[in-house]
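In: quick one: sequence plus predicted model below, questions after.
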Amino acid sequence: MYNKKAYELGSVRSVIRELFEYGKARAAKYGADKVFDFSLGNPSVPPPQEVEQAIVDFVATTEPIALHGYTSAPGDAGVRAAIADYTNERFGTNFTADYIYMTCGAAAALTITLGALVTPEIDEVIAVAPYFPEYKVFAEAAGATFKVLPITRKDFQIDAEALKNTVTEKTAAIIINSPNNPSGVVYNDECLKAVAEVLGNKSAEYGHPIYIIADEPYRELVYGGVKVGFIPNYYKDSVICYSYSKSLSLPGERIGYIAVNPEAADAKEIYLAVMGAGRALGYVCAPSLMQYVVGRTLRLKPDLQAYERNRELIYGGLTEIGYECVRPDGAFYLFIKVPGGDDEKFSEKAKEYGVLVVPGTGFGAPGYVRLSYCVAYDTIKNSLEHFAALYKDFAD
Ligand code: PLP
């Protein structure tokens, strides 16, 4: 016997995985230069050199038993204090180590936070389309009913009026991801203020806080001086899920954290619930060496120039062909409207040109496809003629 739900989750076809396999097979047959793989969100710039140096230094200078041993469950106290201090310095907040919990990346941070906030009575979790597809998996694993706030605005900013109609007395939390995967959109000041107002009013009406879970793996990946609003400065009942996967190009090292806003109602209890949810999921502690490394290197950023250059080329190139898309201010994704409106058909047809793009349906946004532009500059340059041919195919 085995768990049927887990079986379904494990055996369901992964579109991105299939694209990846297809790309590998095509590269073997026709050559790697005939594949234009925009499917994966794996950073294409290396971690800052100081990160690798920190790993070497820790290994060279620290007693192995101490270096590779467990830390306390929420993480090393010094590392948590460093994160709290840096956050306060940047955003004028009042975090302390006692509100920071180290995790295996944002995925674990989200799973644990949802486990801490969802209850059998107040069990709805809202994701804002377009959204990272794993949210549904994480929310349902926490026993939540997953709800989607559909796209209504052309600029992909959150529609506060629509949110008002989606929130109910059973809403536990809304997940906000800015800069956004898959659109690259950064929610602006006006949008965040409007969301905060709706949730504040609804919390008062229903007599319990409706939390914002801010999923922030792309916080540092913004271009042209655009400001990413820090959610606790807009809304007190908030929890941050942060990751170094993209900001330090360390996705395989599995390191990030949860920061419970100390100003939240019941902040201390939420933090303990975070500890409990992590414990129940079997998270003993985040990888120790990586905790120490990010504790030392958390002020660094990857080479944003490479992403910015890619963004200019792909956004400029595709819009010149005629594709419609919101200019992304952050992350490394572009979400284009599909000519003809059928995202799955478009993605299938694109494969014939060796172009791999992910249909928007899985992101709660049929009619769009996602392109990850964390690829080599030449991959973008050489793909443009194929995008032009594809556009023609669908325009006819
Ligand atoms: N949230 C979003 C929006 C993401 O795009 C990703 C990864 O791509 C994650 C969470 C999970 O990131 P991590 O590697 O930190 O678990």
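Out: Yep, it's here.
In: going forward, measure contacts and count neighbours with C-alpha atoms only.
Out: OK.
In: how about the residue nearest the centre of the chain, what does it touch?
Out: Nearest to the mean C-alpha position of the chain, by CA atoms, centre = their mean, lies Pro217 at 4.9 Å. Contacts for Pro217 (CA atoms under 8 Å, 6 or more residues apart in numbering) come out as 106, 241-247.
In: just the pLDDT for it.
Out: In this model, Pro217 is scored at 97, pLDDT.
In: keep only the contacts of Pro217 that also lie close to the ligand.
Out: Counting by CA under 6 Å from any ligand atom, the subset of the contacts of Pro217 that neighbours the ligand consists of 106, 243, 245.
In: now, which of those residues lie within strands?
Out: The members of the ones next to the ligand among the contacts of Pro217 that map onto strands under DSSP state E are Ser243.
In: kindly indicate the member of the ones next to the ligand among the contacts of Pro217 with the most neighbours.
Out: Neighbour count (other CA atoms under 10 Å) singles out Ser243 as the most crowded of these, with 29 neighbours.
In: so who does it touch?
Out: Going by CA under 8 Å, 6+ apart, Ser243 touches 105-106, 216-217, 255-257.
In: beta partners for the residue of the stretch 151-300 of the chain found nearest the ligand?
Out: Going by CA to the nearest ligand atom, the ligand is nearest to Ser243 of the stretch 151-300 of the chain, at 4.5 Å. Per DSSP bridges, the residues bridged to Ser243 are Gly256.
In: just say helix, strand or coil for the residue nearest to the centre of the chain.
Out: Secondary structure state of Pro217, per DSSP: H, G, I helix; E, B strand; the rest coil, is coil.
In: let's number from 35 now, not from 1
Out: Sure, I'll start counting at 35 from here, so that last one is Pro251.
In: phi and psi next, for it.
Out: phi -70, psi -20 (degrees, to the nearest 10).
In: ok, it to Ile289 distance?
Out: Pro251 sits 11 Å away from Ile289, going by CA to CA, to the nearest Å.
In: need the residues touching each of the two.
Out: Common neighbours of Pro251 and Ile289 (criterion: CA under 8 Å, 6+ apart): 140, 277-279.
In: for this protein, name the helix or strand with the lowest mean pLDDT.
Out: The helix or strand with the lowest mean pLDDT-type score in the chain, counting by mean pLDDT, DSSP states H and E, is helix 49-64 (a mean of 88).
In: can you give me the buried ones in that helix?
Out: 50, 53-54, 56-57, 60-61 (16 or more other CA atoms under 10 Å).
In: so which residues on the protein come close to the ligand?
Out: Taking CA under 6 Å from any ligand atom as the measure of proximity, the chain contacts the ligand at 75, 139-141, 166, 215, 249, 277, 279, 285.
In: least confident pick among those residues?
Out: Lowest in pLDDT among the residues of the chain next to the ligand is Gly75, which has 88.
In: what sits against that one?
Out: The neighbourhood of Gly75, defined by CA under 8 Å, 6+ apart, consists of 366, 406, 408.
In: wait, isn't the second one in contact with Phe70?
Out: No - at 10.6 Å, Ser406 and Phe70 do not qualify as touching, with contact defined as CA atoms under 8 Å.
In: sec struct for Ala207, please.
Out: strand.
In: may I ask you to confirm that it is in contact with Val162?
Out: No - taking contacts as CA under 8 Å, Ala207 lies outside contact range of Val162: 11.4 Å.
In: more neighbours, the two?
Out: Neighbours were counted for Ala207 and for Val162 using other CA under 10 Å; Ala207 has more, 26 against 23.
In: quick one: contacts for that one?
Out: Residues in contact with Ala207 (CA under 8 Å, 6+ apart) are 151-152, 158-160, 244-247.
In: take these and lay them out in a markdown table including pLDDT and neighbour count.
Out: Below are the contacts of Ala207 laid out as a markdown table (pLDDT from 0 to 100; neighbours: other CA atoms under 10 Å):
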| residue | pLDDT | neighbour count |
| --- | --- | --- |
| Leu151 | 98 | 22 |
| Val152 | 98 | 21 |
| Glu158 | 98 | 24 |
| Val159 | 98 | 30 |
| Ile160 | 98 | 25 |
| Ile244 | 98 | 27 |
| Tyr245 | 98 | 24 |
| Ile246 | 98 | 24 |
| Ile247 | 98 | 27 |
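In: number of nearby residues for Tyr341?
Out: Tyr341: 26 surrounding residues under other CA under 10 Å.
In: residues contacting Gly396?
Out: Counting by CA under 8 Å, 6+ apart, Gly396 touches Pro167.
In: surely it is within a strand?
Out: No - per three-state DSSP, Gly396 lies outside any strand segment and is helix.
In: from memory Ala161 sits against Leu183, does it?
Out: Yes - judged on CA under 8 Å, Ala161 makes contact with Leu183 at a distance of 6.1 Å.
In: what touches both of those two?
Out: In contact with both Ala161 and Leu183: no residue, using CA under 8 Å, 6+ apart.
In: show the end-to-end separation of stretch 290-304, please.
Out: Start-to-end, stretch 290-304 (CA to CA) is 18 Å.
In: report the mean confidence score over stretch 203-213.
Out: pLDDT averaged over stretch 203-213 gives 98.
In: buried residues in that stretch?
Out: For stretch 203-213, a neighbour-count test (16+ other CA under 10 Å) marks 203-213 as buried.
In: same thing with stretch 83-93?
Out: Within stretch 83-93, the residues that qualify as buried are 85, 88, 92, counting by 16+ other CA under 10 Å.
In: looking at those, which one is closest to Leu352?
Out: The nearest member of the buried residues of stretch 83-93 to Leu352, counting by CA to CA, is Val85 at 35.0 Å.
In: quick check: closest non-adjacent residue to that closest one.
Out: Thr331 (6.3 Å; CA to CA, 6 or more residues apart in numbering).
In: residues near that neighbour, how many?
Out: By the criterion of other CA under 10 Å, Thr331 has 16 neighbours.
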